[in-house]
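K.L.:
The amino acid sequence is not available; the structure is as follows:
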């Protein structure tokens, strides 16, 4: 029988006070048992990393319980190690000393900790690099040092926060395979792994169970079990079916116009978070879809066809849906007549179509109204950002004003002076 290691019961994380209080994660319930490899999957800003810090005891939840082996967690979880997406190595220490430092903190004598550190480095394929410094290593090798250091304390639960995202494609692929070998062959003492990711194929390749999260606020919307044995063949029909199903969960289904557009700041309802995308990439997606023979297309197939990561692809499909250029259902995307018109239009016509659709979005409409009501039809960026702070966190407010500026400039609805940080309404807009 497997034993339950971790339990999250109605966990919330809130930030700010009063009217500026917002929910980062909401009512999270999750169990993790010995022998499980779980992936937390979801868009940026859904609270995945926040949950990881709460589980490791690096951050206290605002509300709810975190239980480890049935006992409520207080302070840092001594049974957990975290591998971060940045390498987090001490540049002035050698590879050996970076790993042995974790053992030194636990009071292990120098001869024993150096011996154990050498064994771990050998296990992750870094034998011979003990005396090297981080600056001498490639990104993949530096992350291997991070793996060895995390495993040095023999954690029961190994937490990983997008550990492969900072690596190039080949290094990431190699390291995934090596981690899987260590895990499946029992070469590490870890009893369970919890990995944060935004890469759908990566999650299907590694995990036994995928916990899917959504944002605004961050919450669990589904769990998906991967019933495939290791090693997994990415090209197999079964593997692709799992990828397709997870894409379908994350992409959702096109709802009514009111549901899709949300509300403006100050109105009753949820203000829609606008994805940060390059409009040229959106144009490329629509052109690609318009050239397909079939009217409907599996979203997961676009990842390879366009050479784009799943997280970025989902942002593009979300914007296409938001602007009325496409509809989404069961993991498929289909261009609308307007989307086809946009894909075939000239540069100037595309701008006009984009402008007409952008003005329907409550957040953009709110910005244009603010500018029309202001003196000389212009406002400081900081003023708009402060107003957005009532609906978004400070970081999200900054990101959202950036999206509004980019979309508004492309549509020729607004202009922006960078030196004075001033947003101005374009005449007759």
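P.N.:
Here it is on my side, so go on. Since the model is a prediction, treat every value here as computed from it, not as a measurement.

K.L.:
Remind me what the helix or strand hosting residue 96 packs against, helices and strands.
P.N.:
Assigned by DSSP states H and E, residue 96 belongs to helix 95-105. The helices and strands touching helix 95-105, judged by 3 or more CB pairs under 8 Å, 6 or more residues apart in numbering; DSSP states H and E, are helix 110-123, helix 139-152. Placement of C-beta: from N, CA and C, glycine included.

K.L.:
So for residue 368, which of those sits nearest?
P.N.:
For residue 368, the closest of those is helix 139-152, at 43.8 Å, according to CB to CB.

K.L.:
so what does the helix or strand that comes right after the closest one touch, helix or strand wise?
P.N.:
Downstream of helix 139-152, the next assigned helix or strand under DSSP H and E is strand 157-161. When contacts are defined as 3+ CB pairs under 8 Å, 6+ apart, strand 157-161 packs onto helix 48-56, strand 80-83, strand 192-197.

K.L.:
can I get the ones you listed in JSON lines with mean neighbour count?
P.N.:
Shown next, in JSON lines, are the helices and strands packed on strand 157-161 (neighbours: other CB atoms under 10 Å):
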{"stretch": "helix 48-56", "mean neighbour count": "22"}
{"stretch": "strand 80-83", "mean neighbour count": "23"}
{"stretch": "strand 192-197", "mean neighbour count": "25"}
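
K.L.:
Tabulate those in CSV, adding columns for distance to residue 365 and mean pLDDT.
P.N.:
Below are these laid out as CSV (distance: least, CB to CB, whole Å; pLDDT from 0 to 100):
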stretch, distance to residue 365, mean pLDDT
helix 48-56, 31, 89
strand 80-83, 42, 84
strand 192-197, 35, 92
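
K.L.:
This structure - how does it break down into domains?
P.N.:
4-250, 275-356, 361-425 (automatic domain parsing).

K.L.:
ok now do residue 96, which residues does it touch?
P.N.:
114, 117-118, 121, 130-131 (CB atoms under 8 Å, 6 or more residues apart in numbering).

K.L.:
Wait, residue 54 touches residue 66, no?
P.N.:
Yes - counting by CB atoms under 8 Å, residue 66 is a contact partner of residue 54 at 6.2 Å.

K.L.:
Which residues are in contact with each of the two?
P.N.:
Residues touching both residue 54 and residue 66 (CB under 8 Å, 6+ apart): 8, 11.

K.L.:
any idea which element residue 27 lies in?
P.N.:
Per DSSP H and E: residue 27 is located in strand 22-33.

K.L.:
Partner strands of the helix or strand following that strand, with direction?
P.N.:
Next helix or strand after strand 22-33 toward the C-terminus (DSSP H and E): strand 37-41. Its sheet considered, strand 37-41 pairs with strand 192-197 (parallel), strand 209-214 (parallel) by DSSP bridges.

K.L.:
nearest to residue 345, of those?
P.N.:
Nearest to residue 345 among the strands paired with strand 37-41 is strand 209-214; the distance by CB to CB comes to 32.7 Å.

K.L.:
Now do that closest one and helix 48-56, the angle between them.
P.N.:
Strand 209-214 runs at 120 degrees relative to helix 48-56, counting by axes from the mean of the first three to the mean of the last three CA atoms, to 10 degrees.

K.L.:
Off-centre distance for strand 209-214?
P.N.:
Offset of strand 209-214 from its chain centre (CA atoms, centre = their mean, to the nearest Å): 11 Å.

K.L.:
Residues touching whichever helix or strand comes after it, excluding its own?
P.N.:
The helix or strand immediately downstream of strand 209-214 is strand 219-225, counting by DSSP H and E. For strand 219-225, contacts defined as CB under 8 Å, 6+ apart pick out 25-30, 46-47, 208-214, 242, 245-246, 249.

K.L.:
ok, 7 Å please
P.N.:
Applying CB atoms under 7 Å, 6 or more residues apart in numbering, the contact partners of strand 219-225 are 25-28, 30, 209-214, 245-246, 249.

K.L.:
Just the buried ones among those residues, please.
P.N.:
Among these, those buried by neighbour count (16 or more other CB atoms under 10 Å) are 25-26, 28, 30, 209-214, 245-246, 249.

K.L.:
any weak-confidence spans in the stretch 151-300 of the chain?
P.N.:
Along the stretch 151-300 of the chain, segments meeting pLDDT under 70 span 253-260.

K.L.:
Which parts of the stretch 201-350 of the chain are helices?
P.N.:
Per DSSP state H, counting those that start in this stretch, the stretch 201-350 of the chain carries helices over the ranges 237-251, 257-261, 279-290, 299-306, 310-322, 337-344, 347-358.

K.L.:
Compare these and report which one is nearest to residue 166.
P.N.:
Judged by CB to CB, the one of the helices of the stretch 201-350 of the chain that comes nearest to residue 166 is helix 310-322, at 14.3 Å.

K.L.:
list the helices and strands the closest one packs on?
P.N.:
Under the contact criterion of 3 or more CB pairs under 7 Å, 6 or more residues apart in numbering; DSSP states H and E, helix 310-322 touches helix 237-251, helix 279-290, helix 299-306, strand 326-329.

K.L.:
how about the ones you listed in CSV, adding distance to residue 178?
P.N.:
Putting the helices and strands packed on helix 310-322 into CSV (distance: least, CB to CB, whole Å) gives the following:
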stretch, distance to residue 178
helix 237-251, 20
helix 279-290, 32
helix 299-306, 23
strand 326-329, 36
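
K.L.:
Quick check: which of those is nearest to residue 226?
P.N.:
When these are compared (using CB to CB), the closest one is helix 237-251, at 5.8 Å.

K.L.:
for residue 6, what are its contacts?
P.N.:
The contact partners of residue 6, by CB under 7 Å, 6+ apart, come to 31-32, 55, 68, 157.

K.L.:
ok, 10 Å please
P.N.:
Neighbour list for residue 6: 30-34, 36, 38, 55, 66-69, 73, 77, 79-80, 156-157, 159, 192, 194 [criterion: CB atoms under 10 Å, 6 or more residues apart in numbering].

K.L.:
is it fair to say it lies in a strand?
P.N.:
Yes - looking at residue 6 with DSSP: H, G, I helix; E, B strand; the rest coil, it is inside a strand.

K.L.:
quick one: pLDDT of it?
P.N.:
As predicted, residue 6 sits at a pLDDT of 91.

K.L.:
how far away is it from residue 221?
P.N.:
Going from residue 6 to residue 221 by CB to CB, to the nearest Å gives 20 Å.
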